[in-house]
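Student: how does the following fold in three dimensions:
(2 chains, ligands or ions: 2)
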Amino acid sequence: MSAKARRGEAVVETRGLSMHFGGVRAVDQVDFTLYDKELRCLIGPNGAGKSTFFKCLTGQLRPTHGEVTIRGRETTGAEPHEIAGLGVGIKTQVPNVFDGVTVEENLWLAARRWHGAARARSLTAEVLERLRLGDIRRSLVGRLAHGQRQWVELGMVVAMEPWLVLLDEPAAGMTHEETARTAEIILEINEMAALIVVEHDMQFIRMISRTVTLFHEGRILMEDTMDAISADARAREIYLGRSA
Amino acid sequence: MGGSLRELRPTLVWALIGVIFTLFAPSVLQLFTIINLTTAIALAVLALSLALVWGYGGILCFGQVAFFGLGAYAYTIGAINFGGSTWAILVAVMVASAFAAALGYFIFYGRVSDVYLGVITLTVTLILYSLIRRTSGPEYKIGNALLGGFNGVSSPPLNAPWDARAILFPEQVFYVAMAALIILYVFVGWLVTTHFGRVCVAIRENETRAELLGYDTRLYKLGIFTIGAGVAAIGGVLFCNGVGRVTPDVFSLYNAALTIIWVIVGGRGTLIGPIGATFGLFYLTASLGGQSVFNNNLVLGIILILFVLLVPKGVAPTLIDWTRRRSRPAGRERRRRRARPEGGA
Ligand SMILES: Nc1ncnc2c1ncn2[C@@H]1O[C@H](COP(=O)(O)OP(=O)(O)OP(=O)(O)O)[C@@H](O)[C@H]1O
Ligand SMILES: [Mg+2]
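Tutor: Numbering: from 1, shown residues only, chains lettered A, B, ... in the order given. Ligands and ions are numbered 1, 2, ... in the order given. The predicted structure follows:
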C-alpha cells in the first residue's frame, strides 16, 4: 500500500459496512477510509457493489450492518438531505437532474441551498462559465445531450461548494473530449475537496488517479495505485483481463 | 427571496384584467348572473389551489375538495356560533390547513408513494362525505349549529369585518369573491417564484436530486400541501356564500374528479389555465343543465378524454408553446430576457 496519501484527518470511514439484498451480499464487511483532500477512485467489475457502497455513504440506502462516519460524525442511516447538509456533493450513477427547468435554474437551486440570494446568483454565473454551460443556460435540461446533462449534474455539485464529493460514474457515456474535460474539472474540485469517484473507464482513471480501491463481490480486494493494480495478477483476472 | 417583478408580469396582467372585469361586471350583468358567478369564482379558487399543489408541487391530491368542504363547513359552523363571519373565515382556513398538515405529515414523512397518495386523499374525502351524510339527527350539533346530514346547513352570509349587522348584499359578496380570487392568484403566482416555490418545482422534477442538494423534501411538500389546503378553504367559504348552504355533496366523488379535470384541461404548471378552465366548464355545464339531450357527466367525460388524448398539456401551456414557437424568428432579443419556463402566468 505504498501510495496511500495519509494527509490530514479521515473524512469518510466505514467499519464493517454491509448491505444485503435478500441473499445477495452487495457490500460485505467493508472497512474503508478516505483522508482529507484525497482523490480516491473505486473500480470493480459490474455488480461488484460499488454503487451500493456509494449509496450507503449518501444515505440512499440504509446499511444492513456496520457504520459510516463522515468527519467524525456517525451518519449510518441518516437521510440523504442530512448527509448533503454536511456539505457533501453527490452525483449518482443514473443522472439525477431537474429536467423541466433550465440549466441555470438547476445550478441556482444548488447554490441557493448554501448561500444568500446575491452570492447564489454570482456563484451560478461562475459555475456556468467554469463548466462552459453559458451558451445553453436557458435550455431545458431535459432537451440536452447526455454528456451535457452529466455536466449539469456535476455543475450542481460544484455550485454547492462541498468539502467532500462523491461521484458515481461521472464520465459514463461521454465522448473522448468530454471525458478529458471532466477529468480536468475533477482535479479542480480536488483542490478544495476530497473525492470518491466510481469509474469503469481505465483511461479516465489514469488521468485523475491517486489511490484506487478495487471492489470485487462486495469486498475490497486491493487498495493501491493504478499501476500496481494493473500489474497484479489477481486483479487482472477478475477485472482488467476482461476488458483487455 | 421573491422573484423579480418581471417574472410576475404575466400574473399581474391577468390580475389587472380581473380587476377591470370586477369593476364593470355588476353594471353589465344581471343580479342572477352575478350570484351564479360567485359560485364559479369559489370553484376557481379551488382550482387554483390544486394548480399549486399538483401543477407546481407535483402532488396529485385527489381530495382537494376535502379541504374546500372542510373550509365551507368550518365557516358555516363558526359563523353560526360566533354570530358573524369575520372569525369564521379564519377558523375555516385554520381547520383545513391543520387537517392538511396532519394528513400530510403521515403521507410525506411516511414516504407514501404517489399512487397511494392519490388513493389516501380520495379515501379521506369519501369518508368525510359518508360521515357527514349520517349527521341528520338533532344530536349532531356543534355549539348552536346542527349539521343536518345530507340536507346540510344553511350558511350565514358574509358581513363587513367585525360588524355582524352589516350583512353584505349579493353584489358585494361578488366583489369580495373576485378580490379573494385575484389576491390569492397573485399570492400563489408570487409564491412559485420564491426560493420555496422554486424548490417545490425542483422536487416535482426530481425528488432524489433535491434531497441530494440538501433540501428536506418532506418539509417542502408538507408546506405546499398545507398552503394549498388553506387556499382551498377560502374557496369553500366563498362557495357556501354563493350557494347559501353547505351540503355533504362538496365531498362527493363527482366534485373530487371535477377538480382534477379543471387542472388537466387548463394545464398543469400554470395558474391561469385551471382558473379559466373552471369558468369555461362551469358555464358549459350550466348551459347543458337547461336541456336534457345530453347527459352532463357524459359531456364532461368526453371533454376529459379529448383533452388527455389531444391536448395532454392542457390549454394554457399549449397556447404558451404555440405563441413561443411563432415568435421564435424574432427571438434574439427574447432570449436575453430572464425567463424561466416555470415563470408562466
Ligand atoms: N436494490 C437492489 N435490490 C436487490 N439487489 C440489488 C439492488 N441494488 C443492487 N443490487 C445487487 O447488488 C449487487 C451490486 O450492485 P451495484 O449496483 O452496487 O454494482 P456496481 O459495482 O455499481 O455495478 P456497475 O458497475 O454495473 O454499476 C448486484 O448483484 C446487484 O444486482
Ligand atoms: Mg454502479
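Student: going forward, measure contacts between C-alpha atoms and count neighbours the same way
Tutor: Noted.
Student: assign A:Phe215 to helix, strand or coil.
Tutor: Following DSSP: H, G, I helix; E, B strand; the rest coil, we place A:Phe215 in the strand state.
Student: give me the distance from the longest helix seen in chain A to the chain's centre.
Tutor: In chain A, assigned by DSSP state H, the helix with the most residues is helix A:176-192. Chain-centre distance of helix A:176-192: 12 Å, with C-alpha atoms, centre = their mean, to the nearest Å.
Student: now for the helix or strand containing B:Ser287, which elements pack on it?
Tutor: Assigned by DSSP states H and E, B:Ser287 belongs to helix B:272-289. Under the contact definition 3 or more C-alpha pairs under 8 Å, 6 or more residues apart in numbering or on different chains; DSSP states H and E, helix B:272-289 sits against helix B:31-50, helix B:253-266, helix B:296-310, helix B:315-326.
Student: rewinding a little: past the longest helix of chain A, which element shows up next along the chain?
Tutor: Elements were assigned by DSSP H and E; along the chain past helix A:176-192, the next helix or strand is strand A:194-198.
Student: ok, back up a step: pull the residues that contact the helix holding B:Ser287.
Tutor: Residues outside helix B:272-289 that contact it (C-alpha atoms under 8 Å, 6 or more residues apart in numbering or on different chains) are B:14, B:40-41, B:43-45, B:47-48, B:51, B:262-268, B:294, B:296, B:314-317, B:345.
Student: what comes up buried for it?
Tutor: Under the neighbour-count criterion of 16 or more other C-alpha atoms under 10 Å in any protein chain shown, helix B:272-289 has B:Ile272, B:Gly273, B:Pro274, B:Ile275, B:Gly276, B:Ala277, B:Thr278, B:Phe279, B:Gly280, B:Leu281, B:Phe282 buried.
Student: between these, which is nearest chain A?
Tutor: Among the buried residues of helix B:272-289, B:Gly273 lies closest to chain A (C-alpha to the nearest C-alpha), at 18.4 Å.
Student: mind checking pLDDT for that closest one?
Tutor: In this model, B:Gly273 is scored at 96, pLDDT.
Student: same question, A:Ser243
Tutor: In this model, A:Ser243 carries a pLDDT of 48.
Student: for A:Ala233, same thing?
Tutor: We have a pLDDT of 84 for A:Ala233.
Student: residues near the residue of chain A found nearest chain B, how many?
Tutor: Taking C-alpha to the nearest C-alpha, chain B has its nearest neighbour within chain A at A:His81, 4.0 Å off. A:His81 has 23 neighbouring residues, counting by other C-alpha atoms under 10 Å in any protein chain shown.
Student: which of the three states applies to whichever residue of the stretch 201-345 of chain B sits closest to chain A?
Tutor: Nearest to chain A, among the residues of the stretch 201-345 of chain B, is B:Gly214, at 4.0 Å (C-alpha to the nearest C-alpha). For B:Gly214, the assignment made with three-state DSSP gives coil.
Student: need the contact list for it.
Tutor: With C-alpha under 8 Å, 6+ apart, B:Gly214 has these contacts: A:Pro80, A:His81, A:Glu82, A:Ile83, A:Ala84, A:Gly85, A:Arg113.
Student: for B:Ser154, same thing?
Tutor: B:Thr76, B:Gly244, B:Arg245, B:Val246.
Student: bridging residues for it?
Tutor: Counting by DSSP bridges, B:Ser154 is bridged to B:Arg245.
Student: run through the residues that contact the residue positioned nearest the centre of chain A.
Tutor: The structure's chain A has its C-alpha centroid closest to A:Leu167; by C-alpha atoms, centre = their mean the separation is 1.5 Å. Counting by C-alpha under 8 Å, 6+ apart, A:Leu167 makes contact with A:Ile90, A:Lys91, A:Thr92, A:Gln93, A:Leu195, A:Ile196, A:Val197, A:Val198.
Student: let me have these in JSON lines, extended by distance to A:Glu126.
Tutor: As requested, those are arranged in JSON lines below (distance: C-alpha to C-alpha, whole Å):
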{"residue": "A:Ile90", "distance to A:Glu126": "19"}
{"residue": "A:Lys91", "distance to A:Glu126": "20"}
{"residue": "A:Thr92", "distance to A:Glu126": "23"}
{"residue": "A:Gln93", "distance to A:Glu126": "25"}
{"residue": "A:Leu195", "distance to A:Glu126": "21"}
{"residue": "A:Ile196", "distance to A:Glu126": "24"}
{"residue": "A:Val197", "distance to A:Glu126": "24"}
{"residue": "A:Val198", "distance to A:Glu126": "26"}
